[in-house]
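Participant: Requesting a structural model of the entry that follows:
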Amino acid sequence: MVRPAVLNDLLQVRPLGDQRFGFAVPDGWQQGRGAFGGLLMGALVEALQAVVGDPQRRLRALTGEFTGPVGVGDATIECRVLRQGSAVWCVSAALSQGGDVLTHAVGTFALARAAATSGDGLWLAPPTSASPAAWERAEVVDIAAPVAPVFTQHYEYRPTGVIPYSGAPEGTSEGWIRPRHTSGWTVSSVACTADAWWPAMAARLDGPRPIATIAFTFDLLADPAGLPAAPLLHRGREYACADGYSVELRELWSADGRLVSLNHQTVAIIK
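Facilitator: Reported below is the predicted structural model:
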């Protein structure tokens, strides 16, 4: 029996020299016509971290765009250092196939600052279900294809909120999530998982619609190396929808109640 690929291994990139990297886009991780966007962002994070080369300069923010579908097979990631300061680095990464840039991101990497000792705080109330062992009480739900994108087969979902296509009055989503095959949380796997839940807008729809994320902003607020070996709690809310575009904010929380990441997405409703 073939052992399923571990997500952390799939996200690895291959150095090609001159801040360029090769990435093997795997089959079975599609979302519509192209590869799952979270997987692509995770690979870009791996390339960006390799360019920075300093674990003390952690990823603080990532902004990206999906400009076209990425097919199965070889892709090239080309990075460029935009600014190299004493504490903050800004580095761009562009993933291309056939000469076309299909995914682009800019990562901001920075050292921890001494001012954090007096300024740290959390003003976002954690979900009531973000408590130790709460995820064990939530039932695993099979949302595999054809109803869900192909890549969802590689994730474990434990919904605690409104289910998709229920005609709810608001666009919300909540539940525990983790890769089915992983060797622990990393920066790149958290960035990938931030995109793995269904859009919050799906709760208020009465059936599936073809959609695609076109803009992606990711803020990392906790070091993944210190997270418990448990799923993360996703909470999403749609804030506006106009002209066929939905805007939502996604949160990931650890099982011990820490805010791990924030993810702002602009989603196009194709038809």
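
Participant: can you list the weak-confidence ranges in the stretch 1-150 of the chain?
Facilitator: Scanning the stretch 1-150 of the chain for pLDDT under 70 picks out 1-3, 115-119, 144-146.

Participant: can you pull out the strands in it?
Facilitator: Ranges of strands in the stretch 1-150 of the chain, per DSSP state E, counting those that start in this stretch, are 14-17, 20-25, 30-31, 34-35, 58-66, 73-84, 88-97, 100-110.

Participant: Out of those strands, which one sits most buried?
Facilitator: strand 34-35 (a mean of 24; mean count of other CB atoms under 10 Å). Backbone N, C-alpha and C define where each C-beta goes, glycine included.

Participant: contacts for that strand?
Facilitator: By CB atoms under 8 Å, 6 or more residues apart in numbering, the surrounding residues in contact with strand 34-35 are Val25, Pro26, Trp29, Gly68, Pro69, Val70, Gly71, Val72, Leu102, Phe151.

Participant: How about stretch 60-68?
Facilitator: Defining contact as CB under 8 Å, 6+ apart, one finds that stretch 60-68 is touched by 34, 37, 40-41, 44-45, 48, 100-110, 191, 212-220.

Participant: mind running it again at 6 Å?
Facilitator: 37, 41, 102-108, 110, 213-219 (CB atoms under 6 Å, 6 or more residues apart in numbering).

Participant: how many neighbours does Ala203 have?
Facilitator: Neighbour count of Ala203, defined by other CB atoms under 10 Å: 24.

Participant: meant to ask about Ser86, not that
Facilitator: What Ser86 shows, counting by other CB under 10 Å, is a neighbour count of 6.

Participant: Phi and psi next, for it.
Facilitator: Taking degrees, to the nearest 10, you get phi -70, psi -30 for the backbone angles of Ser86.

Participant: Alright, I will stop here.
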